[in-house]
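# coords please:
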Amino acid sequence: MELGWNQDLSILWMERLLRLADQVGRAGEVPVAAVILDNDKRSIGWGVNQRQRDKDPLGHGELVALRQAAALQGDWRFNHCTLLVTLEPCLMCAAALVQARMGRVIFGATDKKRGGLGGVLDLSRSPAAHHHMACQGGVLAEECGSLLQDWFRRRRAAVCPAGQSAAPHSLLSCSDP
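Okay, the predicted model is just below:
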């Protein structure tokens, strides 16, 4: 499975995902984008966050890409596939990737608050997991992290009047500084 995979390919795909994530961020979603590549490095599933648009708590980019790829290949197993995503998958998405038997996951920014592949927990190496996948983080991490930080900064500024700051637990509640 490692044959033919290189850092240049990861960067190429991550640059594409960053452009897509920026578009979805402008539409009001958290700017996260994902793609699944088959063993021949062909895209078989794309996904972006669409929780707000669809009012769906499961509308994470990784899950959207998994559904599309499963429908396209007619199977739910992804042993020989690679998922690339701009942000480390959360615990829900990481668990879904284990269940889908994803072969490899490559992500941009680490999520130290909710990351399921090393940021908080590492389900890819958990003894409780029935499947272990190769993971690599940090591909264009600065660019991916900046996109998310800028998006949240703009979001907080739009929600909170001058002189107030967003509460750390909610983008929608403001408090006096």
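# surely residue 151 and residue 29 touch.
No: at 9.2 Å, residue 151 does not count as touching residue 29 under the criterion of Cβ atoms under 8 Å. C-beta coordinates here come from the backbone N, C-alpha and C atoms, glycine included.
# helix or strand with the lowest mean pLDDT in this protein?
When each helix and strand of the chain is scored by mean pLDDT, DSSP states H and E, strand 174-175 comes last, with a mean of 41.
# in contact with residue 95, which residues?
116, 123 (Cβ atoms under 8 Å, 6 or more residues apart in numbering).
# now it. Its backbone dihedrals?
phi -60, psi -40 (degrees, to the nearest 10).
# same check on the one 10 residues further on?
In this entry, residue 105 is assigned phi and psi values of phi -130, psi 130 (degrees, to the nearest 10).
# got a list of what it touches?
Contact analysis of residue 105 by Cβ under 8 Å, 6+ apart lists 82, 83, 84, 85, 89, 97, 117, 124, 133, 134, 135, 136.
# again, 10 Å this time
By Cβ atoms under 10 Å, 6 or more residues apart in numbering, the contact set of residue 105 is 34, 36, 62, 81-85, 88-89, 93-94, 97, 116-117, 124, 133-137.
# out of these, which are inside helices?
62, 93, 94, 97 (DSSP state H).
# do you know the pLDDT at the nearest residue to the first one once chain neighbours are set aside?
Nearest-residue entry for residue 62: residue 93, 4.1 Å, with adjacent residues in sequence omitted and distances by Cβ to Cβ, 6 or more residues apart in numbering. Model confidence at residue 93, expressed as pLDDT, equals 98.
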